[in-house]
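*Asks:* Here you go, sequence then predicted model.
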There are 2 protein chains.
Amino acid sequence: MNLAVNGERLLQRLEELAEIGAIVGADGDRGSARLALTAEDGQGRDLVVKWMRDLGLDISIDGVGNVIATMPHPSGLSPVMTGSHIDTVATGGRFDGNLGVLAGLEVIESVMSAGDELDRPLAVGFFTDEEGARFPPDMLGSLVYAGGMTVEEALDIRAVDGARFGDELESIGYAGGAPSPGPAPHAFVELHIEQGPVLEVEDIKIGAVTGVQGISWTKVTLRGQSNHAGTTPMSMRKDPAAALFTIGAELQRIVERIGEPQVGTIGRVELVPNLVNVVPASATFTVDVRHTDDETLINVEREVAALIEEVAAQHGLLVETESLARFAPVVFDDRVVEIVERSAQQRELSVKRMPSGAGHDAQMLARVCPSAMVFTPSVRGISHNPAEITADEDLIAGCQVLCDVMLELAGTTFEEAK
Amino acid sequence: MNLAVNGERLLQRLEELAEIGAIVGADGDRGSARLALTAEDGQGRDLVVKWMRDLGLDISIDGVGNVIATMPHPSGLSPVMTGSHIDTVATGGRFDGNLGVLAGLEVIESVMSAGDELDRPLAVGFFTDEEGARFPPDMLGSLVYAGGMTVEEALDIRAVDGARFGDELESIGYAGGAPSPGPAPHAFVELHIEQGPVLEVEDIKIGAVTGVQGISWTKVTLRGQSNHAGTTPMSMRKDPAAALFTIGAELQRIVERIGEPQVGTIGRVELVPNLVNVVPASATFTVDVRHTDDETLINVEREVAALIEEVAAQHGLLVETESLARFAPVVFDDRVVEIVERSAQQRELSVKRMPSGAGHDAQMLARVCPSAMVFTPSVRGISHNPAEITADEDLIAGCQVLCDVMLELAGTTFEEAK
C-alpha cells in the first residue's frame, strides 16, 4: 500500500497544539510550557482527544491518564501502536513528543480516509508525564502501561511543587478506568525528533533507532582541607579541586579510548567555599556516562570509580559517591528497526542506524512488544528550548516513514515476541 | 641589652581585646568580629588607645585613622616602629593582626619599665582596614601611611555594605589630623602569625620573613555550546568544563615543575547551567598564582595564558580573561631579616627564612624604610576563622624576638635606606 500522508494537516495540528501554553524564547522562538497534569496539559489533552473523537477512534484512558485511541476494526486483533507524549518541560519546544502523537494521528486519518483494509488496527497514544519535569521519574506513564509501576504507586508521587499526582490527575479529568498494565500491542513504533546534532551534521534525514543508551549518573564529593591559597605550599595541600581537574581530564581520555557511542560528561561542579584565594574544602561533581552496551558501561563505571579512588588517595582526600540514576541500555527489535530502515530507503530518504542518547516511551513499550523508533533531524541538536526546530519537510518525511512502517507492521507476523 | 618581655601581660591583653566583638566558631572556638570602622572596631581601638595612653605614649591619629603611639624621647630621632592591625574579617580569629599590635605594646612597656636609655624611640601602631573585608583594597591604612593613596581617595571608598569610609571613620571618632603620608620610621618590623602550615609542619618556632609573594589573580570565562549530555557525541561538543579540567590538571604540572615557592590555585568554578545531564554553555573560574620572584611570576602568567588559549582552541571555545589583582613581589631589607634570624638563634629558637604568602602592612612600610617581619606558627595553618590558634609559648617567643629585634634596630645605623 503506497499511501501519502497529509503534511499540511500535520503541520497545522502541531501549530494548533503549540498555542496551548505558548511561550517565547530568548531569541523570539515560539515554544510551549505544558508541564504534566497542569491546566495547560489538560487543555492540550482535550484538544488531541477531540481530534481523536472526530476521527471516530475508540478512546481508552487508564488510571494514570495514558490515552490510547484505536481504529475500530472487526478483527479484534491487537493494534500496531504509535505514540509519544504531549507534556513538555517548563521551557519546552513545539516538537518534542507532540510530533510523535500528531504524526500518529495523521497516519490513522490518512489510512482511514483511503478506506483500505488492514489486517489489524492502528492505534495512537499519548503517555502521561514523559518528561518527568514535574513528577519523577520520567517516562512514568509508559512505565505504568508496561507494568513497571502500579497505578497506586504513581498516584501517590509528589511533584517538585508539592502536588500529589493523583489529585492533579483528577483535577484535569484524566483519571480513567482502563486496565493497567495496558494490553500489549502487536508492535510499537515512535516518531521523535533526535534532540541531538548527529543527523543534521551528517546530512541524514531519518534515524532508524536501534536502542536507548544505558545511563549511569554518579554524584561524587571529595573532601580535603580548606587552606589559604597564598600561605599553603603545594606539598601541604589536600585540594579536592585539583583532584577533580585530574579526574575530569582523565575521564576524557577514557571516553576517547572507548570511542563512539561512549559519552562522558561532568556537567555539575560545586566547590566549597568557592573563593579565588582559598584551597577548597570540598568539591562535589556529577559524572554522566552512557553507552549502548551494558558490559561496556559497567566497565567504564568501574574504571571511573577506580580513577576517582586513585586520584583522591594521591591528594589525601575522602571520597563519597552516590548513584543518582542507573538505567541499563534498551535494545530495540531488529525486525522493526530493519522495517524503519527499509521504509526510509524506499522513500529515497537517507537513513542511519543510531542509538538514542535520551530516554523515550518506546523503551518502556519495548518490554511488552517488538518496538523501535524513527528519528527526524533537530536543527543544531537543540531541544527542551523554544529554539527547538525541525524543518517542515523533515517533519513530514518522518511522518511518512512512520506511516509506511505502521502499514508494514500491520501485515507482519512476529514469530516470537522480543 | 637583655630584656625579658612579660608574656602573661601579653596574653591577658590578647584575651581582653578578643572579648570585643567576640564570636564562637563551629567547634566552639572563640574568635572576634571587628570589621573595619564598625562600632566593634571603634571599641577595640578605644581599648588599645587607652593602654597606649596609660603608658604615657605620644599618640598620633592620621586622616584615615591610623594610630601611632611613640615613646617620649629627647633625641627627636625617627622611631623604630612596629605594628599591625586590629580589624578582623567577619569570622576572625584572636591573633591575626592583634598579636603584632599588642606585642609591640608589650615590648614598649617592658623597655620603659626597665628604664634603659635607647639611642632612638620605639613606636607601635595599628593601621586601618588591613583586611579589606569591608572596604577594598586590603592594607588600605598602611598604603595611605606609605604614600600609595591619598586620604581623599580613601575617604570616598564605599564598603561592601554601601557605607562611605569617611563617614564611618567620623562616626567612630578616628578621623585625625596627623599628616599623610606619615613620617618614615627608622625601621619597621611586624610580628604576625604565619597563617600557613609551614612552621608547624617543619617544627620551627620563628619565621624570618624575607618578603611577600607576588600575586596574580585572573578570572577566565570559557564559552562553548550547551548540549544534551546523552545525545551529543564527544566529537560534536564544545565543552568548556572539559577544557577547564585539562587546564586545571596542566596548571598543577606547571606549578610542580617550577617548584616551591610557586603556588597555583583554581579555587572558584561556576558552570552554566550546572546540571548533571547538560554539557555546559560556559565555565568561569579563577586562577591564583604566586611567586616571590617577579620574573618567574610573569613567566608563569604567560605560560598559563598560552595554555588557556591552546586548550580553548582545541575545544572550539571563546575565551574572556580579566585580571582581578596583580601585586609585584615585595623583598624585605636583608639587614633587618638577618637581625630577626640572629635574634631567634640567640634565644635558641629554631628559625627559617621564608616568604609570606599573604599580604601584610609591613609590605607597605617597606616602601619607606628598612622593614621585615617575624612569623610565629599557626596551628594547622588555620586563619580567618575562630579556630585560628597559636600556642601561648609561641606567642610569647614571637614577642620576645620582636623585642630583641627592635632593641637592636634602635642601635643600628642604616647607611642607606632600602
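*Replies:* Received, thanks. Numbering: from 1, shown residues only, chains lettered A, B, ... in the order given.
*Asks:* CA only for contacts and neighbour counts going forward, please
*Replies:* Will do.
*Asks:* For the stretch 1-150 of chain A, give me the ranges with low pLDDT.
*Replies:* Under the criterion pLDDT under 70, the flagged ranges of the stretch 1-150 of chain A are A:1.
*Asks:* so where do the helices sit in it?
*Replies:* Secondary structure of the stretch 1-150 of chain A (DSSP state H, counting those that start in this stretch): helices at A:7-18, A:39-54, A:98-114, A:140-145.
*Asks:* what distance separates the longest helix along chain A from the middle of the whole chain?
*Replies:* Taking DSSP state H as the criterion, chain A has its longest helix at helix A:294-314. Relative to the centre of its chain, helix A:294-314 is centred 27 Å away, using Cα atoms, centre = their mean, to the nearest Å.
*Asks:* Next: stretch A:368-378.
*Replies:* Worked out by Cα atoms, centre = their mean, stretch A:368-378 lies 11 Å from the chain centre.
*Asks:* is any part of it close to chain B?
*Replies:* No. If you take Cα under 8 Å from any Cα of the partner chain as the test, stretch A:368-378 misses chain B, and the best it gets is 10.8 Å.
*Asks:* What is the end-to-end distance of that stretch?
*Replies:* 29 Å (Cα to Cα, to the nearest Å).
*Asks:* circling back to that earlier point, tabulate the CA atom coordinates of the longest helix of chain A in CSV.
*Replies:* Listed in CSV are the C-alpha atoms of helix A:294-314, where the atom choice follows Å, rounded to 0.1, in the frame of the first residue of the first chain:
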residue,chain,number,x,y,z
ASP,A,294,25.8,-2.7,29.2
GLU,A,295,29.0,-4.6,29.6
THR,A,296,31.0,-1.7,28.2
LEU,A,297,29.0,0.7,30.5
ILE,A,298,29.8,-1.5,33.6
ASN,A,299,33.5,-1.5,32.7
VAL,A,300,33.5,2.3,32.3
GLU,A,301,31.8,2.8,35.6
ARG,A,302,34.4,0.6,37.3
GLU,A,303,37.3,2.4,35.6
VAL,A,304,36.0,5.8,36.6
ALA,A,305,35.4,4.6,40.2
ALA,A,306,38.9,3.3,40.4
LEU,A,307,40.3,6.6,38.9
ILE,A,308,38.4,8.6,41.5
GLU,A,309,39.7,6.5,44.3
GLU,A,310,43.3,6.6,43.0
VAL,A,311,43.4,10.4,42.4
ALA,A,312,41.7,11.1,45.7
ALA,A,313,44.2,9.0,47.5
GLN,A,314,47.1,10.8,45.8
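*Asks:* Output the contacting helices and strands for it.
*Replies:* Using 3 or more Cα pairs under 8 Å, 6 or more residues apart in numbering or on different chains; DSSP states H and E, the elements in contact with helix A:294-314 are strand A:214-223, helix A:240-258, strand A:282-291, strand A:318-327.
*Asks:* What helices and strands are in contact with the second one?
*Replies:* Helices and strands touching helix A:240-258, as assessed by 3+ Cα pairs under 8 Å, 6+ apart, comprise strand A:263-265, strand A:282-291, helix A:294-314, helix B:240-258.
*Asks:* Briefly note if the first one comes near chain B.
*Replies:* It stands for strand A:263-265. Yes. Using Cα under 8 Å from any Cα, strand A:263-265 reaches chain B at A:263-265.
*Asks:* How far off centre is that strand?
*Replies:* 18 Å.
*Asks:* Buried residues, it. List them.
*Replies:* For strand A:263-265, the neighbour count (16 or more other Cα atoms under 10 Å in any protein chain shown) marks A:263-265 as buried.
*Asks:* Tell me the confidence at the residue sitting furthest away from the middle of chain A?
*Replies:* No residue in chain A sits farther from the centre than residue A:231, which is 50.0 Å out by Cα atoms, centre = their mean. At residue A:231, the pLDDT value in this model is 93.
*Asks:* can I assume it is in contact with residue B:212?
*Replies:* No. At 10.2 Å, residue A:231 does not count as touching residue B:212 under the criterion of Cα atoms under 8 Å.
*Asks:* okay, and the common contacts of these two?
*Replies:* Any residue near both residue A:231 and residue B:212 by Cα atoms under 8 Å, 6 or more residues apart in numbering or on different chains counts here, and that gives B:356-358.
*Asks:* Reformat those residues as JSON lines; add secondary structure.
*Replies:* JSON lines is the format used below for the shared contacts of residue A:231 and residue B:212 (DSSP: H, G, I helix; E, B strand; the rest coil):
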{"residue": "B:356", "secondary structure": "strand"}
{"residue": "B:357", "secondary structure": "coil"}
{"residue": "B:358", "secondary structure": "coil"}
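*Asks:* Can you lay out the residues you listed as a markdown table showing pLDDT?
*Replies:* As requested, those are exported to a markdown table (pLDDT from 0 to 100):
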| residue | pLDDT |
| --- | --- |
| B:356 | 96 |
| B:357 | 93 |
| B:358 | 92 |
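*Asks:* From those residues, pick the one nearest chain A.
*Replies:* Nearest to chain A out of those is residue B:357 (Cα to the nearest Cα; 4.1 Å).
*Asks:* hang on, isn't the closest one packed against residue B:213?
*Replies:* Yes. Look at residue B:357 against residue B:213 with Cα under 8 Å: they come within range, at 5.5 Å.
*Asks:* ok so, going back, comparing the helices of the stretch 1-150 of chain A, which comes out most buried?
*Replies:* helix A:140-145 (a mean of 26; mean count of other Cα atoms under 10 Å in any protein chain shown).
*Asks:* helices or strands up against it?
*Replies:* helix A:151-155, helix A:361-365.
*Asks:* so which of those gets nearest chain B?
*Replies:* Going by Cα to the nearest Cα, the one of the helices and strands packed on helix A:140-145 nearest chain B is helix A:361-365, 15.1 Å.
*Asks:* which residues are in contact with the next helix or strand along the chain from the closest one?
*Replies:* Following helix A:361-365 in sequence order, the next helix or strand is strand A:371-376 (DSSP states H and E). For strand A:371-376, contacts defined as Cα under 8 Å, 6+ apart pick out A:187-194, A:199, A:205-211, A:332-333, A:336-337, A:340, A:362-363, A:365-366, A:390, A:394-395, A:398, A:401-402.
*Asks:* Which of the residues you listed fall within helices?
*Replies:* A:199, A:336-337, A:340, A:362-363, A:365, A:394-395, A:398, A:401-402.
*Asks:* rewinding a little: list the buried residues in the longest helix of chain A.
*Replies:* So helix A:294-314, judged by 16+ other Cα under 10 Å, has buried residues A:294, A:297-298, A:300-301, A:304, A:307-309, A:311-312.
*Asks:* Nearest to residue A:162 among those residues?
*Replies:* Comparing these against residue A:162 with Cα to Cα places residue A:301 closest, at 33.8 Å.
*Asks:* distance of the closest one from residue B:275?
*Replies:* Distance from residue A:301 to residue B:275, by Cα to Cα: 19 Å.
*Asks:* quick one: contacts for the residue nearest to residue A:149 when sequence neighbours are not counted?
*Replies:* Nearest residue to residue A:149 in three dimensions, chain neighbours excluded: residue A:143, at 6.2 Å (Cα to Cα, 6 or more residues apart in numbering or on different chains). Each residue near residue A:143 by Cα under 8 Å, 6+ apart is listed here: A:149, A:361, A:364.
*Asks:* So which of those residues is the closest to residue A:377?
*Replies:* Taking the contacts of residue A:143 together and measuring to residue A:377 by Cα to Cα, the closest member is residue A:361, at 18.6 Å.
*Asks:* ok so, going back, and the gap between the residue nearest to residue A:149 and residue A:346?
*Replies:* On the measure of Cα to Cα, residue A:143 and residue A:346 end up 33 Å apart.
*Asks:* And residue A:28, by the same measure?
*Replies:* Taken as Cα to Cα, the span from residue A:28 to residue A:346 is 38 Å.
*Asks:* One more: residue A:400?
*Replies:* Distance from residue A:400 to residue A:346, by Cα to Cα: 11 Å.
*Asks:* so what's the closest residue to residue A:131 other than its chain neighbours up against?
*Replies:* Using Cα to Cα, 6+ apart and skipping residues adjacent in sequence, the residue nearest residue A:131 is residue A:138, 5.0 Å away. Listed by Cα under 8 Å, 6+ apart, the contact set of residue A:138 reads A:129-132.
*Asks:* Done for today, thanks.
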